[in-house]
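Visitor: sharing a model that was predicted from the sequence below.
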Amino acid sequence: MKKKIIYSIVLFTAFSLILFFSQKIIVKYQAYKKELILLKKRKEGWLHLEKALTNKVNRFKGTIGLVVKDLDKGWEIAFNRDTLIPSASLVKVPIMLSCFYAEQDKNTTLKHSIRIRSFDIVSGSRVLGAEPIGSVFTVEELFDPMITQSDNAAANVLIDYLGFDTLNHYFKKMGLRNTNIVRKMMDFTERKEGKDNYTTAGDMAFILEKLYYGEFVNRGVSSECLRILGEQKINDRIPKKLPPGTFVTHKTGLEKYICHDAGIVFTGNGNFLVCVLVKHEDKISANAKKFISDVALLTYNYLRDYKRNNP
């Protein structure tokens, strides 16, 4: 009788364990199956976005360099990612990053003071142009006007301070394959002689991703650079059609026949990278700006619609 009781207990325990682990396997399988279904739906939305962007690129009169990336999934849509396009003020991003590299290499300190000279003030010097000649700024104090208001004097002061050779060295060191600097901002004499600064959508996307993942120098420096980019005051491109309050870290570029914006959009539905470089044929940049804002909105809606349909 005692053996039968023990046998029954063992049998019941074994059955209970089998039932318990079977239920866990079933729950895991159901969760996995649901995940596959959601992934399929998200991929369908991504392919729909790719088709919409392809149509926009094909209809645009001009050269488009474009990279859009779902930073949660690592999916990328790109057109002419390695096509060289004049960088305009996008070059100010690697200029800032080069200063951090120079400090790391002990070639300078961000606290180093620089006096502003009369010939530093050029067109587009929105901040420094309002300061008295002889005003003194530290290297790091020049980042905010250079990035957030695209102040050309601030950029030129830093170009003179580090020098073209050093900047191009650091551009390569940070992993930029097709980005150079050979002239200062607003130096159209050099430009007419065929000297220009170039970059690609792929290079800008690469460096923004390094910042996003905290891989430029270290996490602290990456976060500081993103913070500065997040203070951008020129918001007539990527952020223009996005819902108010959407956080965007980005940098614009604008010259005659050139219009760019490159940044990262942070949303409650996921984060995405968008880099759009435009070389257009219009006398004004309105169509190019609209193109960039449309690309950002289409990508934002891809994530919004996915989350809305799959809460």
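Guide: In hand now; what should we look at? Residues are numbered from 1 along each chain as shown.

Visitor: can you pull the contacts of the closest residue to residue 198 other than its chain neighbours?
Guide: Leaving aside its sequence neighbours, residue 198 sits nearest to residue 84 (CB to CB, 6 or more residues apart in numbering; 4.5 Å). Bear in mind the C-beta positions are built from the backbone N, C-alpha and C, glycine included. Applying CB atoms under 8 Å, 6 or more residues apart in numbering to residue 84 gives the contacts 178, 198, 199, 200.

Visitor: which members of those occur in strands, if any?
Guide: Among the contacts of residue 84, the ones falling in strands (DSSP state E) are 198, 199.

Visitor: rebuild the contacts of residue 84 as JSON lines, extending it with distance to residue 43.
Guide: Output for these, formatted as JSON lines (distance: CB to CB, whole Å):
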{"residue": "178", "distance to residue 43": "30"}
{"residue": "198", "distance to residue 43": "34"}
{"residue": "199", "distance to residue 43": "30"}
{"residue": "200", "distance to residue 43": "27"}
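
Visitor: residue boundaries of the strands in the stretch 51-200 of the chain?
Guide: For the stretch 51-200 of the chain, the strands defined by DSSP state E, counting those that start in this stretch occupy 62-70, 75-79, 85-86, 113-115, 136-138, 198-199.

Visitor: from the middle of its chain, how far away would the helix or strand just after the last one be?
Guide: Going down the chain from strand 198-199, the next helix or strand is helix 201-212, by DSSP states H and E. Shown here is helix 201-212, whose average C-alpha point lies 6 Å from the average C-alpha point of the whole chain (CA atoms, centre = their mean, to the nearest Å).

Visitor: packing partners for helix 201-212?
Guide: Judged by 3 or more CB pairs under 8 Å, 6 or more residues apart in numbering; DSSP states H and E, helix 201-212 is in contact with strand 62-70, strand 75-79, helix 92-104, helix 219-229, strand 258-267, strand 270-280.

Visitor: nearest residue to residue 239 other than its sequence neighbours?
Guide: residue 248 (4.7 Å).

Visitor: quickly find the element holding that neighbour.
Guide: Applying DSSP H and E, one finds residue 248 within strand 247-255.

Visitor: tell me the angle that strand makes with helix 219-229.
Guide: 60 degrees (axes from the mean of the first three to the mean of the last three CA atoms, to 10 degrees).

Visitor: and strand 247-255, which residues are buried?
Guide: 248, 249, 250, 251, 252, 253, 254, 255 (16 or more other CB atoms under 10 Å).

Visitor: roughly how far does the fourth one sit from residue 103?
Guide: What that stands for is residue 251. 21 Å (CB to CB, to the nearest Å).

Visitor: again, but for the fifth one
Guide: Here the distance between residue 252 and residue 103 works out to 26 Å (CB to CB).

Visitor: got phi/psi on residue 288?
Guide: With angles defined as degrees, to the nearest 10, residue 288 sits at phi -70, psi -40.

Visitor: that one reaches residue 280, doesn't it?
Guide: Yes - counting by CB atoms under 8 Å, residue 288 does reach residue 280; the two are 4.8 Å apart.

Visitor: neighbour count: those two, which is higher?
Guide: residue 288 (26 against 21; other CB atoms under 10 Å).

Visitor: specify the beta-bridge partners of the nearest residue to the more buried one once chain neighbours are set aside.
Guide: Leaving aside its sequence neighbours, residue 288 sits nearest to residue 259 (CB to CB, 6+ apart; 3.6 Å). Beta-bridge pairing for residue 259 (DSSP bridges): residue 254, residue 278.

Visitor: next, the residue nearest to residue 198: phi, psi?
Guide: phi -70, psi 130.

Visitor: tally of neighbours for residue 143?
Guide: Neighbours around residue 143, by other CB under 10 Å: 24.

Visitor: isn't it up against residue 229?
Guide: No - taking contacts as CB under 8 Å, residue 143 lies outside contact range of residue 229: 9.9 Å.

Visitor: pop the domain breakdown of the protein in here.
Guide: As assigned by automatic domain parsing, the chain contains the domains 52-83+220-311, 86-199.
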